[in-house]
Each structure stands twice: as C-alpha cells, then as structure tokens.
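Asks: Give the three-dimensional model of this entry:
(chains A and B)
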Amino acid sequence: MALAIDIQNVRFRYAGAAADCLDIPLLQVEAGVRTFLYGPSGSGKSTLLGLMGGVIQVQQGTLNILGKNLVQMRPAICDRMRADHIGFIFQQFNLIPYLSVMDNILLPCRFSLRRQQRALAESSTLEGVARRLLSRLQLEKTEHIPVTKLSVGQQQRVAAARALIGKPEIVIADEPTSALDADRQSAFLDLLLQECTEANAALIFVSHNRQLAAQFHHEISLPSINIAVPIENTL
Amino acid sequence: MSHLLHIALRSAWNRRLTLGLTLVAITLSVAMLIGVERLRYEAHRGFSLSVSGTDLVVGARTSPIQLILYAVFRIGEATSNIDWKSFQDIADNPLVAWAVPISLGDSHHGFPVMGTTPAYFEHFHYSDSRRLSFIKGQPFQDIFDVVLGMEVASQLGYTIGDRIVLSHGMGEVGLLEHDDKPFIVSGILAPTGTPVDRTLHISLEGITAIHLNWVGGVPMHGFTIPGEHVRKFDLTPKDITAALVGLKNRAAVFRVQRQINEHKDEPLLAVMPGVALEQLWQVIGVAEKTLLAVTSMVVFVGLSGLAAVLLASLNERRREMAILRAIGARRRDIFLLMVSESLLVTLGGIVLGVILLSAASLLLAPWVQANYGISLQPALIYVSELKLLVGVVAVGLLAGLVPGHRAYKMSLTDGLMSRI
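Replies: Below you'll find the predicted structure:
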C-alpha cells in the first residue's frame, strides 16, 4: 500500500540547542489508515508535526509526504504541499476569530487551488460543500454565529470541517479532544473517524490519552521511535 | 492575493478601535500636509498670475520685493513717492510703449483705493495676458467716478450709481473720511482672482481733488472746497506711488531699467516683476520648507504610531498567524498580510485626509480669499500634491515592513505552535 508519510533517519536539532530534539530511524504511515500517535509532552511531538507539515525544515534524513521528499525542498513548495494535502486540527483556538464559520472552513480552498477543485467536484459551490460538512458534523445552526461565541466542542468540529474540506490525503489532529469532556471526546472522535474514512484520508491522531487508541488501526509511541536523548523542558 | 486582502480587511475591522484612532491621526496629518502644500501652491500661482505684460514696475528706491508687494499686491505701504515729473520722463522715454501711474494710500472699508489713468484698464494684464473687462458700467470719466473690483462690489453690495465715501489711509477704523467728496460707482470689473478684485479704482485727478484741502495728512481746519468747485483747480498730481511700464521691445528691458535706476532728479527703482517675485520666493522659501518639514514630521509621527499599533498587535495575533501557516499560508503571505494592513490604513488616511481638506477648503475659501488674497480652487487633489501623497504611501509601506518582518520571523520560530 502507498505510504502517506515515510520518515527515515530524520534528525532535527533546534538552532542553539545542545542536543537533537528528534532522531527517528523509521516512521511510516500508510495512505487512508488511522494512526494513533502517543506523544506525552516533551517527546518532540510538536517538532515532528512541524516537520510533517513542512513548516520546519528537515536537516537530515528522508521525509516523504505522498512520495515527495520534503528534504531540500524550497519553503514555498513545502507550504504548497501542506496547503494541498494536509489538514490540521489543534488542541484548541483553531479558528480565526474575526472570520465567520463559513470563511474559516473555506480558508484551505483560498490557499490551495487543488483543495478548491476537489471541493467543487463534490458540489457546485464551495459553500455547498461546507454546509454539507457542517451538517455531517452536526453544526447546521452555527453558520451565522461568530466563531468566538461557539462552544469549544463546536469550535473543534468547525476545525475538523476545515481540515477535511477539499479531501486532503492526510489529516493531522494534535490533541483535538483534550479540551473536551469525556462524553464529547468520544462523540468528536467518532465523527472525525467517520469523516476521515469518508474522505479516505490518512489520520494521524496525536494524544497522550491512550484510552482513545482502541479505535485506530495502529498505535505508535513517539518516545519509542524517537531515539534522541530526551531533555527536560524541550522547546 | 485577494483572499489575503479579505483576511487583512476582516482582521483590521476586528481591531477597528485602535486602528481607527491611528487612522484619525493619519487623516489629520495628511490633511495638514496637503493643506500646507495647497496654500503654498495657490499663493505662488496667485502671485504669478497677478501681473502679466508689464515689463517694469517703477517706484521710489526701496527693495524690489517691497516695491512689487505694494505696487502690485497692495501689501504694505510705500515709504516715499515719486515725482510726477519723473513719471513723465519715463513715459517720454522713446523705448517705452506705455506707462500707467499708480497712486495708493486711501481706502474704503479696508479695501485699497488706487488712483490711475484710464490707460490702466487697457494695459494692465493678468494671468496669461488677459485684459480687465467690465461686467457692468465703464471706466471712470468724471473726477468723482469710481470703478470697483468684483469683490468690493459683491462684499459691500454696491452697484452702478451708488455713492461711496473714501477714507484717508489704510485700515478699518479710526480713519479720517473724505466725506465732503463722495464718489459714484461708474463700473464694476469682472473677477480676476488677483488683487484687482479688492481694489477701488479712481482717476489720479480724483486723488488730487480729495486731498486739495489737506495738509500733512489732515484736512485744514474750517476750510473745505466743495466738490463742484474742484474743477477750477489744477488737478495734475504732484507725485504718485509707482508706475507700471510696458516697452516697445522687451529686449530693451535691461537698458530701460538701468536708465530709470540712474535717473538724475531723484532715486528711482525699476524692477522686472518676474525677477522680484523670484526674490520673494527665495525669502518665503525658507519658511515654506520649514512648514513643509514640520507637517511631514507630523505625518511621520502618525505613521510611526501605525507601525507601533501593528507591532503591539503581533503578540495577540501569533496564534492567528500559526493557524494561517498550518492551513498553507506561506511566510511571504504572513508578511504581506501585515504590509497590506498598514497600506490599507495609510491609503484610508490619505483618502479621508484629502476629502477632509477639500471640504475644509471649500468652506474656508471665501475667508482665505478675503484675508490672504489666496484663491483656493474647488478641486479634490492637485497634481502638485501627488508626489507628496506618493511619499506618504511609501512611508506607510515602510511602517508596514517593520511589523511585517517581525511577523515573518515569528512564523519561522513558532512553527505550528500546536502547544499553547
């Protein structure tokens, strides 16, 4: 099966830091597969996600996203890769506060022509695609509410809609449920898994709550694959 | 690009209070800068257009600037007069085509009264060789006829046939009046946008007549000469204030100028209006440059405020930048976002400032015209102001580069900033 993410011998050290923050001999994620990445704080999780997204430049090793090697790639091309193929969901404060729910969801289509075209393949208008996502995520009534007035759970679902619009091949969710209470956690996770399956996106779900791992195809523990010496209070 | 502009607009609207105050500061400073430039331009234009076709202005020996100011612009007063005989000598010079005498010193409700000959209406030109024209009536013919400039007539509500009493000296109050010899309005001149509009024109004989019974600036006590009897006297003036001279051949101007300056009977000064104006600009130029520098500084302060506001907002917008980066914004986009926001506010300030100034100059135009003789045109923007506005945009762009660069650097170090 094709690899969505293929990391080999990637080492990363922040400028001025004494030791490597990441040293990963091998990490592979197959296309369309749900992966649970267990990563307690300090394990280099944020750096790894930054590398996958092409926001942080890889210094050493191989980092293939959908078969394209991000190492040595120009930053603007990395940005294009991210815009075209990856949807991000963060722990919280995912939304641009001064944009409407609709504008927030449509942002990836503004930055990526590919996402826009893929979205328009589903429906005649981008708004139509967004509304369909909103309804699947049980957010029908939120379209005209200012995003700052939404509950945290609603905000996370809007963020999920934004990550999923235009069907990117990879969705990276970084602790998306940790700001939710237990009931809403599982409800959100169910919706996210269902939508990723629908979009046939590879989901990398990062969390320190191992109880959620049961619903994933794979579970990877970041401390076990990152052989860099852990240091206290990493960046 | 358009999506970035959309985001920048929404983001700016989200911080409308702080940006609004900055916008007000920039608006006011731009209005001030353009206002100073507009007054300077109009003053230059007004002065340059006020006299045309006159080759030399002649008066008693003084500074060329002073001579041109009182003879043409009715600003200030002559220190001494020139003899009627000197004037006749000049007029008789074979190189001289025409010479028009000017006699100043009296006034009417603050408007200057000028004694001259009917030749004035023929030879005096303004703007691009435009002649004076009458909208009503005709040049003075009788001793007690007066021709009004347009503004005098409209402000004081005079029309043909009205009787006017002139005052001795310049000023508004406390002047002795020539009330024994009233004048009758014989004509009203079309507006020219020059000091002519603010002048009352009478004959030289009229000037002599109203001062017949005056000695040393006051009327002789208990002795009046009724208007109907003045015709029995010799009304040829003893002296005049200045003269406008036109030559048969302009190439002779330096020769005639030298001849007049070397006049034997009394010290005279002949100046070319253009040269004297050039000297005037040199004197005023320092003040103009200072004023322009000060107002430019005010604009600079306004734009520095904008840079400060944008920089201060960066910290609270870090999260927003990281989200945009995660969605696929390039670092260049983040930079452009900041710069476009600063440009938006700068352009907004320029547009509002220009509108504010246009409204203000429309409202204040009559007052400026009356008090400073500068006519403000009802225009939104002058071509001469564009270079200043381009400068403002450039500084506004620079003001955006600082926070733009900082946001760019931040987006490098922050990465996705997924931990909060």
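Asks: Residues of chain A that sit close to chain B?
Replies: By C-beta under 8 Å from any C-beta of the partner chain, the part of chain A that sits against chain B consists of A:41, A:45-47, A:49-50, A:53, A:55-56, A:75-76, A:79-80, A:82-84, A:88, A:90-99, A:103, A:107-108, A:110-112, A:162, A:174-175. Bear in mind the C-beta positions are built from the backbone N, C-alpha and C, glycine included.
Asks: Closest to the centroid, which residue in chain A?
Replies: The centre of chain A sits closest to A:Ile172, judged by C-alpha atoms, centre = their mean, with a distance of 1.8 Å.
Asks: who's in contact with that one?
Replies: A:Leu49, A:Met52, A:Gly53, A:Ile86, A:Gly87, A:Phe88, A:Ile89, A:Ile204, A:Val206 (C-beta atoms under 8 Å, 6 or more residues apart in numbering or on different chains).
Asks: Present the residues you listed as CSV; the columns should include secondary structure and neighbour count.
Replies: Shown next, in CSV, are the contacts of A:Ile172 (DSSP: H, G, I helix; E, B strand; the rest coil; neighbours: other C-beta atoms under 10 Å in any protein chain shown):
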residue, secondary structure, neighbour count
A:Leu49, helix, 25
A:Met52, helix, 26
A:Gly53, coil, 26
A:Ile86, strand, 29
A:Gly87, strand, 30
A:Phe88, strand, 29
A:Ile89, strand, 29
A:Ile204, strand, 26
A:Val206, strand, 26
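Asks: can you tell me the helix or strand for the residue nearest to the centre of chain A?
Replies: Using DSSP states H and E, A:Ile172 falls within strand A:170-174.
Asks: could you point out which element follows that strand?
Replies: helix A:182-199.
Asks: Please look at B:Ile26 and B:Leu303 and confirm they touch.
Replies: Yes. In terms of C-beta atoms under 8 Å, B:Ile26 counts as a neighbour of B:Leu303; the distance is 6.6 Å.
Asks: measure the residue of chain B found nearest chain A to B:Leu314 for me?
Replies: Distances between chain B and chain A by C-beta to the nearest C-beta are smallest at B:Gly328, namely 2.3 Å. As judged by C-beta to C-beta, to the nearest Å, B:Gly328 and B:Leu314 stand 21 Å apart.
Asks: more crowded one of those two?
Replies: B:Gly328 (27 against 16; other C-beta atoms under 10 Å in any protein chain shown).
Asks: Setting aside sequence neighbours, what's the nearest residue to the more buried one?
Replies: The shortest distance from B:Gly328 to any non-neighbouring residue, by C-beta to C-beta, 6 or more residues apart in numbering or on different chains, is to A:Ala83 (2.3 Å).
Asks: pretty sure that neighbour contacts A:Arg110?
Replies: No. Using C-beta under 8 Å, A:Ala83 makes no contact with A:Arg110, being 9.3 Å away.
Asks: Just want to know which of those two has more residues nearby.
Replies: Counted by other C-beta under 10 Å, A:Ala83 and A:Arg110 do not tie: A:Ala83 has more neighbours, with 28 against 20.
Asks: confidence score at the more buried one?
Replies: On pLDDT, A:Ala83 comes in at 92.
Asks: hang on, it in a strand?
Replies: No. A:Ala83 is assigned helix when assessed by DSSP: H, G, I helix; E, B strand; the rest coil, not a strand.
Asks: what residues are up against it?
Replies: A:Pro108, A:Phe111, A:Ser112, A:Arg114, A:Arg115, B:Ile327, B:Gly328, B:Ala329.
Asks: Just the element for the fourth one, please.
Replies: Secondary structure assignment for A:Arg114, by DSSP H and E: helix A:113-120.
Asks: Show me what that helix is packed against.
Replies: On a contact count with 3 or more C-beta pairs under 8 Å, 6 or more residues apart in numbering or on different chains; DSSP states H and E, helix A:113-120 meets helix A:75-85, helix A:101-111, helix A:126-136.
Asks: same thing but 6 Å
Replies: Packing partners of helix A:113-120 (3 or more C-beta pairs under 6 Å, 6 or more residues apart in numbering or on different chains; DSSP states H and E): helix A:101-111.
Asks: what residues does the helix it packs on touch?
Replies: Residues outside helix A:101-111 that contact it (C-beta atoms under 6 Å, 6 or more residues apart in numbering or on different chains): A:83, A:95-96, A:115-116, A:119, A:126, A:130, A:142-143, A:147, A:158, A:161-162, A:165-166, B:3, B:327-328.
Asks: Would you list the buried entries among those residues?
Replies: If you count burial by 16 or more other C-beta atoms under 10 Å in any protein chain shown, the buried members of the contacts of helix A:101-111 come out as A:83, A:95-96, A:115-116, A:119, A:126, A:130, A:142-143, A:147, A:158, A:161-162, A:165-166, B:327-328.
Asks: Any idea how many residues pack against the spatially closest residue to B:Asp179 that is not a sequence neighbour?
Replies: Nearest non-adjacent residue to B:Asp179, counting by C-beta to C-beta, 6+ apart: B:Val165, 4.8 Å away. By the criterion of other C-beta under 10 Å, B:Val165 has 14 neighbours.
Asks: and what of B:Leu347?
Replies: B:Leu347 has 15 nearby residues by other C-beta under 10 Å.
Asks: Which of the helices or strands spans it?
Replies: helix B:331-372.
Asks: Chain B against chain A: which residues are in contact?
Replies: B:3, B:10-11, B:14, B:319-320, B:325-328, B:330, B:415-416, B:418-419 (C-beta under 6 Å from any C-beta of the partner chain).
Asks: Please indicate which of these has the highest neighbour count?
Replies: Ranking these using other C-beta under 10 Å puts B:Ala326 first, with 30 neighbours.
Asks: Nearest spatial neighbour of that one, chain-adjacent residues omitted?
Replies: Per C-beta to C-beta, 6+ apart, closest to B:Ala326 is A:Phe88, 4.2 Å.
Asks: So what pairs up with that neighbour in the strands?
Replies: A:Ile172 (DSSP bridges).
Asks: so what's it up against?
Replies: A:Ala163, A:Ile172, B:Ala326.
Asks: How is chain B divided into domains?
Replies: B:2-47+B:285-414, B:56-271 (automatic domain parsing).
Asks: Output these in CSV, with mean pLDDT and distance to A:Cys196 appended to each entry.
Replies: As requested, the domains of chain B are exported to CSV (pLDDT from 0 to 100; distance: least, C-beta to C-beta, whole Å):
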stretch, mean pLDDT, distance to A:Cys196
domain B:2-47+B:285-414, 89, 17
domain B:56-271, 89, 77
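Asks: can you tell which of these is closest to A:Ala17?
Replies: With C-beta to C-beta as the measure, domain B:2-47+B:285-414 is the member of those nearest A:Ala17 (12.7 Å).
Asks: and the end-to-end length of the closest one?
Replies: With C-alpha to C-alpha, to the nearest Å as the measure, the first residue of domain B:2-47+B:285-414 is 25 Å from its last.
Asks: Could I get the full set of helices for the stretch 51-200 of chain B?
Replies: B:64-72, B:84-92, B:119-123, B:150-156 (DSSP state H, counting those that start in this stretch).
Asks: which residues sit in contact with the nearest residue to B:Ile102 once chain neighbours are set aside?
Replies: For B:Ile102, ignoring the flanking residues on the chain, the nearest one in space by C-beta to C-beta, 6+ apart is B:Ala242 at 4.7 Å. For B:Ala242, the contact set (C-beta under 6 Å, 6+ apart) comprises B:Gly59, B:Ala71, B:Ile102.
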